[in-house]
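Participant: What follows is a predicted structure for the sequence shown.
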Amino acid sequence: MVKLKLFGEVNVKVNHIDLTTQLPRKGLGLLIYMATQPTKVFYREQLANLLWNDYTKKSALNNLRFNLWQIRKIIGEWTDEELIINNSKQAIKLNSEAIISDYDQFYSTIYKQHYQESVRCYSGDFLEDFYIIDAPDFSDWVFRERENAQRKYFNAQFAHAQDLMNSQQIEEAFNALIKLADIDPLNEMVYLRLMQYQYVSDNKVAAISTYRNLKMILRNELNISPSNEIESLYKRIIEDTNNENNEVILHKSKDDQFFSQKIKIYIGNSPEKLSTYARILASFNNTSAQLVLDICDTPGQRIPSEGMFEILNSLYHFGKYCISQWKSKCEKIDSDIRNKTVKDDMIFFSMFETLIVSEKSEQIIFRIWNMQYLDSKTIEFLSYLSRRKLDKQIVILIVYDSNQRNPQVEKFIEFYRGINDVEVIEE
């Protein structure tokens, strides 16, 4: 029995003997092409044109004949079953009883709606890293098959994830979708499904984080925003989060003691406590009286000045400020940050000036979701900002995971610990 592995790294085995490297490249391509259509009758001229289209007809047919002979010879040494059958003088076909492939199993299980088995068959892209440079028609066929198989896999994985959710296997359902995000990080449907599952499983903080991660990816890669469907779901999650967290929402009045403080730092080392702190941060929203700016809202190491770019992005896109005057200010500061010859104090002052005159909102709230990952330049800017005397109130809310130590962040915390308008809440 000939066993073909066509998803991921290509592999040909006969009775557990690996013959992949023994077959000529075009001979292997020929075998693969026929194996994906095991019941079809192939005309020799068609196969010759597929792999030797820039040859004369006679030369192409001679090459086809030689490669078929090599396939029969190499595989025939390990099995008595006839693999390639002459259907007529002009046509051949595979002996479908002598060959099995993960490709055939994949499509068969999809047809039967056995989605768990389907996703198990898909161990990578179709013919991953397998190319025949001088056979463009074959390469075009591989590309189409690869795209089609990936679409089928995504649909199967979506269906499998839904089955897992229906059976309350929530973590497994999340993992199924995360696999899709790893393959196609720009596929918004994956993030929509993930947010929906996180939402219905009452994991709203994770859903919010998923949204912010998607927003950052789309901004950086394509310079676009998430779809209207995702935006609507995000707004619904935020509204529900606010309604559920009334008991932990700090009163947003000017006389409230909290807003006499400029910095509030939450330090934790357990997932439960960090989730509680995240819910507190999530309770603040943009209103007519306050502007909320999110920094470092997704985990992971940051690029230099990334927090500064996040502040500028929020100012650039926030509804009230989307006028040419603000956009030009933000674009100028963005350019200055990237221009390493511009001094930090000049950049900090420009940022400060832009924040101060922004529509005369009463308060600006910075939410730093993962302070342990924050880049050094943004930490310096926050220190600069906290030392300025302002007509309006600027509040800095910080969540710091002490399991992932950042010496510069800890130095920042120690510097402000004990100051009257700073509160440090430590687990």
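Facilitator: Happy to help now that I have it.

Participant: So which residues make contact with the longest strand anywhere in the chain?
Facilitator: For the chain, the strand that runs over the most residues, judged by DSSP state E, is strand 393-401. Identification of contacts with strand 393-401 by Cβ atoms under 8 Å, 6 or more residues apart in numbering yields 254, 259, 261-269, 274, 277-278, 280-281, 284, 355, 362-372, 382, 385-386, 406, 409, 413. Any C-beta I mention is one placed from the backbone N, CA and C, and that applies to glycine too.

Participant: swap in stretch 105-112?
Facilitator: Residues from elsewhere that reach stretch 105-112, judged by Cβ under 8 Å, 6+ apart: 7, 115, 117, 118, 121, 122, 149, 152, 153, 155, 156.

Participant: for stretch 221-238, same thing?
Facilitator: 185-186, 188, 191-192, 195-196, 199, 204, 207-208, 211, 214-215, 218-219, 282, 285, 317.

Participant: Give me the buried positions along whichever strand or helix holds residue 328.
Facilitator: When secondary structure is defined using DSSP states H and E, the element that contains residue 328 is helix 324-338. Of the residues in helix 324-338, those buried under the neighbour-count criterion (16 or more other Cβ atoms under 10 Å) are 326, 329, 330, 333, 334, 336, 337.

Participant: Which members of those are the farthest-apart pair?
Facilitator: Pairwise distances across the buried residues of helix 324-338 peak at 16.6 Å for 326 and 337 (criterion: Cβ to Cβ).

Participant: what kind of secondary structure is residue 168 in?
Facilitator: Each residue gets one of three states, and residue 168 gets coil by DSSP: H, G, I helix; E, B strand; the rest coil.

Participant: Ignore what I typed, I meant residue 377.
Facilitator: Going by three-state DSSP: residue 377 is helix.

Participant: Just the pLDDT for the residue nearest to it when sequence neighbours are not counted.
Facilitator: Sequence neighbours aside, residue 305 is the residue nearest to residue 377 in space, at 4.5 Å (criterion: Cβ to Cβ, 6 or more residues apart in numbering). We note a pLDDT of 88 for residue 305 in this prediction.

Participant: in the protein, which spans are strands?
Facilitator: For the chain, the strands identified by DSSP E occupy 2-5, 11-14, 17-18, 42-43, 84-86, 91-94, 99-101, 263-268, 290-295, 363-368, 393-401, 422-426, in order along the chain.

Participant: Buried subset of the contacts of stretch 221-238 as a PyMOL selection?
Facilitator: What follows is the PyMOL syntax for the buried subset of these, where burial is set by 16+ other Cβ under 10 Å:
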select buried, resi 188+191+192+195+196+199+204+207+208+211+214+215+218+219+282
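
Participant: Residue 103 and residue 7 touch, don't they?
Facilitator: Yes - distance between residue 103 and residue 7: 7.0 Å, which falls inside the contact criterion (Cβ atoms under 8 Å).

Participant: residues shared between the contacts of those two?
Facilitator: With the criterion set as Cβ under 8 Å, 6+ apart, the overlap between the contacts of residue 103 and residue 7 is 126, 149.

Participant: how near is the residue sitting furthest away from the middle of the chain to residue 55?
Facilitator: Largest separation from the mean C-alpha position in the chain: residue 89, at 51.9 Å (Cα atoms, centre = their mean). Here residue 89 is placed at a distance of 21 Å from residue 55 (Cβ to Cβ, to the nearest Å).

Participant: swap in residue 264?
Facilitator: In this structure, residue 264 lies at 74 Å from residue 55, with Cβ to Cβ as the measure.

Participant: Tell me which of these two has more neighbours.
Facilitator: When residue 264 and residue 55 are compared on other Cβ atoms under 10 Å, the one with more neighbours turns out to be residue 264, at 21 against 16.

Participant: Quick one: residues contacting that one.
Facilitator: When contacts are counted by Cβ under 8 Å, 6+ apart, residue 264 is found next to 258, 395, 396, 397, 398, 422, 423, 425.

Participant: so what's it bridging to?
Facilitator: Under the criterion DSSP bridges, residue 264 forms beta bridges with residue 397, residue 423.

Participant: separation between it and residue 406?
Facilitator: 18 Å.

Participant: cool, residue 235 as well?
Facilitator: The span separating residue 235 from residue 406 equals 32 Å under the rule Cβ to Cβ.

Participant: Have a look at those two and say which one is more surrounded.
Facilitator: Taking other Cβ under 10 Å, residue 235 and residue 406 do not tie; residue 406 has more neighbours (19 against 12).

Participant: got the phi/psi numbers for the more buried one?
Facilitator: Dihedral angles of residue 406 (phi, psi; degrees, to the nearest 10) stand at phi -130, psi 110.

Participant: Residue 33 against residue 138, yeah?
Facilitator: Yes - at 7.1 Å, residue 33 counts as touching residue 138 under the criterion of Cβ under 8 Å.

Participant: mind showing which ranges of the chain have poor pLDDT?
Facilitator: Low-confidence segments of the chain, defined by pLDDT under 70: 241-261, 288, 317-326, 357-362, 389-392.

Participant: Grab the most central residue of it for me.
Facilitator: Centre-most residue of the chain, counting by Cα atoms, centre = their mean: residue 185, 3.0 Å.

Participant: neighbours of the closest residue to that one other than its chain neighbours, just the number please.
Facilitator: Using Cβ to Cβ, 6+ apart and skipping the chain neighbours, the partner closest in space to residue 185 is residue 217 (5.8 Å). For residue 217, the number of neighbouring residues by other Cβ under 10 Å comes to 17.

Participant: mind checking how far residue 217 is from residue 31?
Facilitator: Residue 217 sits at a distance of 39 Å from residue 31 (criterion: Cβ to Cβ).

Participant: now do residue 41
Facilitator: 16 Å.

Participant: go on, residue 53?
Facilitator: Counting by Cβ to Cβ, the gap between residue 53 and residue 31 amounts to 19 Å.

Participant: So for the two, which residue has more residues nearby?
Facilitator: A side-by-side neighbour count of residue 53 and residue 31, using other Cβ under 10 Å, places residue 31 first with 22 against 13.

Participant: who touches that one in this structure?
Facilitator: The neighbourhood of residue 31, defined by Cβ under 8 Å, 6+ apart, consists of 4, 12, 23, 71.

Participant: For the third one, give me its contacts.
Facilitator: By that I understand residue 23. With contacts taken as Cβ under 8 Å, 6+ apart, residue 23 has the following neighbours: 12, 31, 70, 71, 74.

Participant: Much appreciated, bye for now.
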